[in-house]
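Peer 1: Structure for this input, please:
(one chain, ligands or ions: 1)
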Amino acid sequence: MFKKTVMVVFGGIVGTAIAISPTFATDMLVALRSSLGTYLTAEGGGGGEVRANRPEVGPWETFKLFDLSTGDLNTGDRICLRTQNGSNYLRVDRGKLDAEGEACSPEAMFVIIKVDGGSSGTRINACDSIALRGVESEQYISAEGGGGTELSVDRYHPPGPWETFIFGGQPNSPTNATSCK
Ligand SMILES: [Ca+2]
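Peer 2: This is a model prediction of the structure:
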């Protein structure tokens, strides 16, 4: 019992130390940039199609990320992404990504993975390369052609360029994504 208590205290100290460096809070606004340099957009702010064809980040290209796993945002965590209208979520529907989800339900849950980013539990920071795998389908979001058009969720293979997105944004500063290399 004593040993367990010590571990908890140690964990708290580590958490405090990590919090000093720039990171995401629990509620974070994010943008996702495709390998072609275009951003994901939920047309109309949600409730319809999702495309990867915008050159800049505005409200429709901004998503509120819900970290369903405790603590920092780490590779392997489950997340949901809510659109600008506040009521729709990105979701998988018959192999496509749309913004018609009405809740953070299984078809709208994704596992966020840091590409080339180490083992489970590695923290994800702004400008990291990430991939998103559907919790239900176990397939990756893919920007067809690397960006510029629609998004599929029908690949099982490890993330390649089409499945890799630059993860940008900090609380209340989604346009931070544009400053990523
Ligand atoms: Ca987490």
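Peer 1: mind listing what's buried in the helix or strand hosting Ser152?
Peer 2: Assigned by DSSP states H and E, Ser152 falls within strand 151-155. Neighbour-count burial for strand 151-155, counted by 16 or more other C-beta atoms under 10 Å, picks out 151-153, 155. Where C-beta positions appear, they are placed from N, C-alpha and C, glycine not excepted.
Peer 1: Strands along this structure, start to end?
Peer 2: Assigned by DSSP state E, the chain shows strands spanning 27-33, 39-42, 50-54, 63-67, 78-82, 89-93, 96-101, 110-114, 128-134, 140-143, 151-155, 165-168.
Peer 1: Dump these into TSV; add mean pLDDT and distance to Gly121 as well.
Peer 2: Putting those into TSV (pLDDT from 0 to 100; distance: least, C-beta to C-beta, whole Å) gives the following:
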stretch	mean pLDDT	distance to Gly121
strand 27-33	88	18
strand 39-42	97	26
strand 50-54	97	29
strand 63-67	93	13
strand 78-82	96	14
strand 89-93	98	24
strand 96-101	98	26
strand 110-114	95	10
strand 128-134	96	14
strand 140-143	98	20
strand 151-155	96	24
strand 165-168	90	17
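Peer 1: Can you say which of these is nearest to Thr122?
Peer 2: Proximity to Thr122, assessed across the strands of the chain by C-beta to C-beta, is greatest for strand 110-114 (5.6 Å).
Peer 1: Name the residues that touch that closest one?
Peer 2: By C-beta atoms under 8 Å, 6 or more residues apart in numbering, the list of residues contacting strand 110-114 from outside reads 73, 75-81, 90, 122, 124, 128-135, 141, 159, 167.
Peer 1: Show me how far that strand is from its chain's centre.
Peer 2: On the basis of C-alpha atoms, centre = their mean, to the nearest Å, strand 110-114 sits 7 Å off its chain's mean C-alpha point.
Peer 1: Any residue of that strand touching the ion?
Peer 2: No: between strand 110-114 and the ion, judged by C-beta under 5 Å from the ion, nothing touches; the nearest distance is 9.0 Å.
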